[in-house]
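Undergrad: Predicted model follows, preceded by the sequence.
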Amino acid sequence: MQPTIEYVMAAEDLRIPGEGILIGDKIYSGVTLTLDNCLLPLERLQQSPSAEHGLSADTEEQLRMRGCELIQAAGILLRLPQVAMATGQILFQRFYYCKSFVRHCAEMVAMACVHLASKIEEEPRRVRDVLNVFYHLKHSKGKR
């Protein structure tokens, strides 16, 4: 009978450079976002419909971030998988590269994106549930 040799490796030994961040004993992947593979033409990126209606670039960026945060919070409360929340955020961003924040309510678009993303990712939620979650987020914001 051959003796068995057990190898005990620490999490630090498993880390591959460039493969993430080690926090405690878990490795978290990094995310790099670039515009190298952008689907939109450069002209559309430089001059959005909101900018054409007089909205400043800083305000538009804040509205985009707030919309994505709203979708993320709603997705958590609806117990959607992360991929569905990411799909909703992508739909939100793409919508506002075609339409203006000045003419379309960001909260309504965020609701529609969550509902549509839940259906796309085959984790459907009722419209009533989506509306109730957004109502809760809107009215509980001041209590935090």
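TA: Yes, it's here. Residues are numbered from 1 along each chain as shown.
Undergrad: which intervals of the chain have sub-threshold pLDDT?
TA: 1-23, 26-38, 40, 141-144 (pLDDT under 70).
Undergrad: same thing but 50
TA: With pLDDT under 50 as the threshold, the chain has low-confidence stretches at 6-16.
Undergrad: what ranges do the strands span in it?
TA: Listed in chain order, the strands of the chain (DSSP state E) span 21-23, 26-28.
Undergrad: Give me the buried stretch members for the longest helix along the chain, please.
TA: When the chain is scanned for its longest helix (criterion: DSSP state H), the result is helix 57-77. Going by neighbour count (16 or more other CB atoms under 10 Å), the buried part of helix 57-77 is 60, 64, 67, 68, 70, 71, 72, 73, 74, 75. Where you see a C-beta, it was placed from the backbone N, CA and C, and this is true even at glycine.
Undergrad: In TSV, list these along with distance to residue 127.
TA: Shown next, in TSV, are these (distance: CB to CB, whole Å):
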residue	distance to residue 127
60	28
64	24
67	19
68	21
70	17
71	16
72	19
73	18
74	13
75	15
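Undergrad: Tell me the one among the residues you listed nearest to residue 93.
TA: Residue 93 has its nearest neighbour among the buried residues of helix 57-77 in residue 64, at 6.5 Å by CB to CB.
Undergrad: Spit out the contact partners of that closest one.
TA: Contact partners of residue 64, counting by CB atoms under 8 Å, 6 or more residues apart in numbering, are 92, 93, 96.
Undergrad: What about those residues, which are in helices?
TA: The helices in this structure, assigned by DSSP H, contain 92, 93 from the contacts of residue 64.
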